[in-house]
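S.K.: build me a model:
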Amino acid sequence: MTDDRFYERAGPFSLADIAAHVGAAVQGGDAALPVRDVASLDSAEGGDISVYSDGKYAPAFAATKASVVITGEKLAAHDHACALLIAPNPRLAFAQVGHLFYPPALMKPGVVTAVPVHPSAAIGEGTQISAGAEVGPGAVIGRDSYIGNNVVIGRGVTIGDNCRIGPNCVITHSLIGNRVVMGPNNSIGNQGFSFVPSLEGLLRVPQLGRVIIEDDVELGSNCTVDRGAIGDTHIERGVRFDSLIHVGHNVRIGHHSLIVAQAGIGGSTTIGPMVAIGGQVGISDHRTIGAGARLAARSGVTRDIAPGEHVGGYPARPLKRWHREVATLIRLAKSKKSDTDQD
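M.R.: Numbering: from 1, shown residues only. This next block holds a predicted model:
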């Protein structure tokens, strides 16, 4: 279920109305059933609608508490205990349902008067709000924190005690712990990069989650942490970011991990604790990086990495093997050059 501090939900809608909206067929449910929200299979409760589009999630489909699940004809044969909406493209239908429940916010034409701190926001004792900063409705900032020039803190955001937020940061849809440090120009809580092809083009998948940043996390400058699609992007305590790092939606980064500049982490990747990620590393989506792993600079990670494993190269492979392969190529190149010189 979405966090009401950050989102305004339409509805509820009847199952029949939703089916008509996405062009799906109702199976095993009352067409008049009221549906109140979208959710993942794991987090759904009664009254929610979810999606099942990949057989690897069959256990979650069987155990979900969702009242309705959107799926395809073949996957509908798997064990379940809920009503179904049968759609040709379940992911597309679920994205359409997300937009039904969460339409774009209405604009207010005209020039909006600047309000540096909204009357409903709460600012802790000893906290400095610098010139040009804006603190949105319902936001909460703890004690002895520093908010730099031109920082934008969105509706409902919470920031703990003794934090330092550098100039020009934009923070939305986020819950931030104590003693968090950010350099300038960070974007926290923006929507993730997720689209579904449709006959009209690419439909953006609604991003309805949050960013959770635990205590004692530090970020350099110009980093981007996208909020979750459904569920959260979660950065555990003590993580250290260099500058120019991108974290995709629904990523989880384990405590005291270290990430060097220009790394990019694909959506729904899980990184264990105490992982070291070198500069310009690219990690594809839905990967698992085990605790204590080491990823050499410019590695391209397209598979899961075991706990404690050291990898390098593209595609990333065991570090010693990669070093041997590089050394072999160098020897072969030298040998080829020597043969050419003799000719």
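S.K.: assign His80 to helix, strand or coil.
M.R.: The three-state label given to His80 by DSSP: H, G, I helix; E, B strand; the rest coil is coil.
S.K.: low-confidence ranges in the stretch 201-343 of the chain?
M.R.: Scanning the stretch 201-343 of the chain for pLDDT under 70 picks out 336-343.
S.K.: all helices for it, in order.
M.R.: For the stretch 201-343 of the chain, the helices defined by DSSP state H, counting those that start in this stretch cover 319-342.
S.K.: tell me the phi and psi of the residue positioned nearest the centre of the chain?
M.R.: Residue closest to the average C-alpha location in the chain (C-alpha atoms, centre = their mean): His249, at 1.6 Å. Dihedral pair for His249: phi -70, psi 140, per degrees, to the nearest 10.
S.K.: what about the helices in the stretch 51-200 of the chain?
M.R.: Counting by DSSP H, counting those that start in this stretch, the stretch 51-200 of the chain has helices at residues 58-63, 90-101.
S.K.: what does the last one rub up against?
M.R.: If you take C-beta atoms under 8 Å, 6 or more residues apart in numbering as the criterion, helix 90-101 is touched by 9-11, 13, 18, 21-24, 37-38, 49-53, 70-72, 75, 85, 87, 196-198, 203-206, 208. Placement of C-beta: from N, CA and C, glycine included.
S.K.: excluding chain neighbours, what is closest to the residue nearest to the centre of the chain?
M.R.: Take His249 and drop its neighbours on the chain: the residue closest to it by C-beta to C-beta, 6 or more residues apart in numbering is Gly192, 2.9 Å away.
S.K.: surely the one you found and Ile230 touch.
M.R.: No - Gly192 sits out of contact with Ile230 when judged by C-beta atoms under 8 Å, with a separation of 10.7 Å.
S.K.: list the contacts for Thr302?
M.R.: By C-beta under 8 Å, 6+ apart, the contact set of Thr302 is 284, 287, 315-316.
S.K.: now with 6 Å?
M.R.: 284, 315 (C-beta atoms under 6 Å, 6 or more residues apart in numbering).
S.K.: and stretch 39-53, what's buried?
M.R.: By 16 or more other C-beta atoms under 10 Å, the buried positions in stretch 39-53 come out as 39-41, 44, 47-53.
S.K.: which one of the residues you listed is nearest to Pro103?
M.R.: Relative to Pro103, the closest of those is Ile49; by C-beta to C-beta it sits at 16.2 Å.
S.K.: that closest one should be in a helix, yeah?
M.R.: No - with three-state DSSP as the criterion, Ile49 is strand rather than part of a helix.
S.K.: now it: closest residue in space that isn't a chain neighbour?
M.R.: Ile49 sits nearest to Val68 (C-beta to C-beta, 6+ apart), 4.4 Å away.
S.K.: run a quick neighbour tally on the one you found.
M.R.: Val68 has 27 neighbours, counted by other C-beta atoms under 10 Å.
S.K.: same check, this time on the one 4 residues further on
M.R.: Gly72: 17 surrounding residues under other C-beta under 10 Å.
S.K.: relative to Thr71, how far out is the closest residue to it other than its chain neighbours?
M.R.: Of all residues not flanking Gly72 in the chain, Pro90 sits nearest, at 5.5 Å (C-beta to C-beta, 6+ apart). Going from Pro90 to Thr71 by C-beta to C-beta, to the nearest Å gives 5 Å.
S.K.: now swap in His286 and tell me
M.R.: His286 is 19 Å from Thr71, by C-beta to C-beta.
S.K.: of these two, which one has the most company?
M.R.: It is Thr71, of His286 and Thr71, that has more neighbours when counted by other C-beta under 10 Å, with 25 against 12.
S.K.: who does the more buried one bridge with?
M.R.: Tyr52, Ile86 (DSSP bridges).
S.K.: name all residues that make contact with it.
M.R.: Per C-beta under 6 Å, 6+ apart, neighbours of Thr71: 52, 84, 90.
S.K.: got a markdown table for those, with pLDDT and distance to Ile129 too?
M.R.: Output for the contacts of Thr71, formatted as a markdown table (pLDDT from 0 to 100; distance: C-beta to C-beta, whole Å):
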| residue | pLDDT | distance to Ile129 |
| --- | --- | --- |
| Tyr52 | 97 | 46 |
| Leu84 | 96 | 50 |
| Pro90 | 96 | 46 |
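S.K.: quick one: residues contacting Ala316.
M.R.: Under the criterion of C-beta under 6 Å, 6+ apart, the neighbours of Ala316 are 299-301.
S.K.: so how far is Ile253 from Ala263?
M.R.: 11 Å.
S.K.: the two: which is more packed in?
M.R.: Neighbour tally, Ala263 and Ile253, criterion other C-beta under 10 Å: the higher count belongs to Ile253, 27 against 24.
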